[in-house]
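Visitor: mind looking at a prediction? Sequence and model below.
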Amino acid sequence: MADGKVDIFDTTLRDGEQVPGCKLNTKEKIQLALALEELGVDIIEAGFPISSPGDFESVKQIAKVIKKSTVCGLSRAVQKDIETAAEALKSARRPRIHTGIGTSDYHIRAKFNSTREDILERAIQCVKWARNFVEEVEFYAEDAGRTDNEYLATVIEAVIKAGATVVNIPDTTGYCLPHQYGEKIAYLINNVPNIDKAVISCHCHNDLGLATANSISGVLNGARQIECTINGLGERAGNTSLEEVVMILKQHHSLGYYTHIKTRQLNPVSRLVSDTMRMPVQANKAIVGSNAFSHSSGIHQDGFLKDAQTYEIIAPEEVGADGSKIVLTARSGRSALAHRFQKLGYQYNRNDIDVLYLEFLKVADRKKEVEDADLEIMAKSFDAIIITT
Ligand code: KIV
Ligand code: ZN
């Protein structure tokens, strides 16, 4: 593969906003779109314009203010949807219509009561409609994860011939294992004769906790776009998390892949999305969770204090996190306790720390976390013991 640039397609404002409770108004959507552009996202999926007048307005306003990123609008394989998306995107510098249809037999039979032949025709038709309005047309084969590879290759070849510039292979239900998803991408590369005319995109859901692994497997097998969201938000268990895939590619740069994301903005943007959507980030979330750079066990704290790299593969400042934290709990050791006392201005020798540590454990067994105020009390009573003896 010639170039290792991986395009980041952010769908926080579309798939992410579908999460119950995460609905945004136009002003909030514009604010987040500007932050995503500043972060370095290549494509912003701004919404689903036919879904409501409010979302139409949001996509329209975002199309007006965004200057560098491509602005994308979702549609079904329905003429009216596509026309509405085109109308909303009219002012965009780089508009993209994202259109498509379900290609797995589950979708073809249960959802559409249709046949593979009919779905193939509808797929071709929707791409042709969209190409009447914009240069960049992305086709999604919904539930591609469970679609028969041979049929999927037929559909993908036909939509590229019809003018699709990006082909999205969604694992809509989060079903695939990483090697299966990677093999699907490799199958398309090896069996779709015109695949070099389009970018392959990964859109993975997290129902089995594999969205990030599947997206990376897709890239390793030839995909060059990842669809993802800030904090991994998205339908049901969520989508691939932007911060995770970006940092995986950065950490493993020797593989030859890179993105244009400014990683120092990852934590600030994560907080902005969490606050605006009123959706807390789980503490142990990779890269952006409040515990992502916290060390609480004695063994880890001792190693970390000797050399941060013993227990941290990413420097917190590289992703805009507040900094590493040594949390004092009943599992902490003497090194961490001495370190924290030192930070508070108390210099104790090894014997002092041995005495203080016994006091510390009594407090720690009563509380979840020992705070600076607890240490100040311990220091004062320790001084009192020293003075009176
Ligand atoms: O998960 C999915 O298949 C989607 C498509 C609409 C791209 O979100
Ligand atoms: Zn999705």
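Guide: Cool, the structure landed. Since we're looking at a predicted model, the values are computed, not measured. Ligands and ions are numbered 1, 2, ... in the order given.

Visitor: for ligand 1, what are the nearby residues on the stretch 1-150 of the chain?
Guide: 15, 140, 142 (Cβ under 6 Å from any ligand atom). All C-beta atoms are positioned from the backbone trio N, CA, C, and that covers glycine.

Visitor: dump the residues you listed into TSV; add distance to residue 186 and neighbour count as well.
Guide: Output for these, formatted as TSV (distance: Cβ to Cβ, whole Å; neighbours: other Cβ atoms under 10 Å):
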residue	distance to residue 186	neighbour count
15	25	24
140	19	28
142	21	21
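
Visitor: mind putting those residues into JSON lines with pLDDT?
Guide: As requested, these are arranged in JSON lines below (pLDDT from 0 to 100):
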{"residue": "15", "pLDDT": "98"}
{"residue": "140", "pLDDT": "98"}
{"residue": "142", "pLDDT": "98"}
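
Visitor: adding secondary structure, write those out as CSV.
Guide: Shown next, in CSV, are these (DSSP: H, G, I helix; E, B strand; the rest coil):
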residue, secondary structure
15, coil
140, strand
142, strand
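
Visitor: which one of the residues you listed sits closest to residue 307?
Guide: The closest of these to residue 307 turns out to be residue 15 (Cβ to Cβ; 40.2 Å).

Visitor: how near is the nearest residue to the closest one once chain neighbours are set aside to residue 204?
Guide: Nearest residue to residue 15, sequence neighbours excluded (Cβ to Cβ, 6 or more residues apart in numbering): residue 234, at 4.4 Å. Distance, residue 234 to residue 204, using Cβ to Cβ, to the nearest Å: 10 Å.

Visitor: quick one: which of these two has more around it?
Guide: residue 204 (32 against 28; other Cβ atoms under 10 Å).

Visitor: who does the one helix or strand the more buried one maps to touch, helix- and strand-wise?
Guide: Using DSSP states H and E, residue 204 falls within strand 199-204. Packing contacts for strand 199-204, counted by 3 or more Cβ pairs under 8 Å, 6 or more residues apart in numbering; DSSP states H and E, involve strand 7-10, strand 166-171, helix 178-191, helix 211-220, strand 225-228.

Visitor: mind listing what's buried in the third one?
Guide: Judged by neighbour count (16 or more other Cβ atoms under 10 Å), helix 178-191 contains these buried residues: 178, 181, 182, 184, 185, 186, 188, 189.

Visitor: got the contact list for the closest residue to the second one other than its chain neighbours?
Guide: If I follow you right, that is residue 181. Counting by Cβ to Cβ, 6+ apart, residue 181 lies nearest to residue 214, which is 4.2 Å off, once chain neighbours are set aside. Counting by Cβ atoms under 8 Å, 6 or more residues apart in numbering, residue 214 makes contact with 171, 176, 177, 178, 181, 182, 202, 204, 240.
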